[in-house]
Every structure is written in structure tokens, then in C-alpha cells.
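Student: structure for this input, please:
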Amino acid sequence: MAKLFKIHAKSHKVLDHIIPPAKGKEKSLTTEEEKELWSTLDATVLQWIYATISHDLLNSILEPNTTAMEAWKRLRDIFQDKKHSRAVTLEYDFTHTDMENFPNASAYCQHLKSLVGST
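Tutor: Numbering: from 1, shown residues only. Next comes the predicted model:
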């Protein structure tokens with residue numbers, strides 16, 4: 001989902017609202033008109049983020065006066081934490097799967113494949 005959202009943002013030339021530009025490529029907003037446009041575009045990207053996530057996620061990242069980049073970072077942090085937890089769980093399941101608990105080697109291998117496939 002994040003990859004699709006990045007493509008969407010890039011196609012609308014607002015990727016820098018969720019991913020900081022490389023050092024030296026930052027844009028300086030000098031006029032009030034540029035600042036207003038940045039703010040409007042940022043609100044649009046923030047609306048896109050909010051519209052594409054579940055209500056549970058929305059409630060966990062929703063904060064007043066936030067930017068699209070801050071919301072994106074909070075979502076990224078949530079999913080990175082979940083990824084780590086999932087990896088720990090899968091490693092435990094994989095190492096604690098005993099062949100003696102299966103009727104044959106094929107069933108054992110199929111179970112291990114299903115664990116690997118769920119990553």
C-alpha cells in the first residue's frame with residue numbers, strides 16, 4: 001500500500017510532502033504564495049492519507065496541526081513495529097515446529113512453507 005501511495009504522490013508532484021528531499025535539494029519557500037500553496041498541497045496529501053487507512057489507524061495517528069510528513073512517519077513507525085513483532089513470532093513458530101507433530105514429512109514441509117509464505 002505504501003508503494004502505491006508513493007506512486008500516487010509522485011504522479012501529483014507532492015512526494016516531498018511525505019518523504020524529505022535529499023540534502024541540498026530542499027525547497028525554500030520565500031513568498032507567501034509559495035507557503036500557501038505548500039500548506040494547501042500538504043492538507044490534500046494529509047486527506048489522502050487519512051482516506052486510505054482504517055479507522056483504527058486513523059484514530060492512532062490523528063493529531064491536531066499535523067503535517068502529511070508527520071502522519072506518514074507515524075504510520076511508518078506503526079508498521080515497522082508490527083513487522084518486527086511478526087518476524088519474532090514467525091521465527092519462534094518456525095524453530096518450534098516439530099516433525100513429530102505431523103503425520104508425514106510432506107505435511108511438515110507444507111506447514112513450514114505456509115509459515116514462510118505468510119511473511
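Student: need phi/psi at A22.
Tutor: phi -60, psi 160 (degrees, to the nearest 10).
Student: what about it, distance to L15?
Tutor: Separation of A22 from L15 (Cβ to Cβ, to the nearest Å): 12 Å. Yep, even glycine has a C-beta here, placed from its N, CA and C like the rest.
Student: comparing those two, which residue is more hemmed in?
Tutor: L15 (16 against 7; other Cβ atoms under 10 Å).
Student: residue nearest the centroid of the protein?
Tutor: R76 (4.2 Å; Cα atoms, centre = their mean).
Student: can you read off the pLDDT for that residue?
Tutor: For R76, the pLDDT comes out at 88.
Student: so what's it closest to, chain neighbours aside?
Tutor: A2 (7.6 Å; Cβ to Cβ, 6 or more residues apart in numbering).
Student: may I see the buried residues of the helix-or-strand element of the chain with minimal mean pLDDT?
Tutor: Across the helices and strands of the chain, the lowest-confidence element by mean pLDDT, DSSP states H and E is helix 68-95, at a mean of 81. Buried residues in helix 68-95, counting neighbours by 16 or more other Cβ atoms under 10 Å, are found at 68-69, 71-75.
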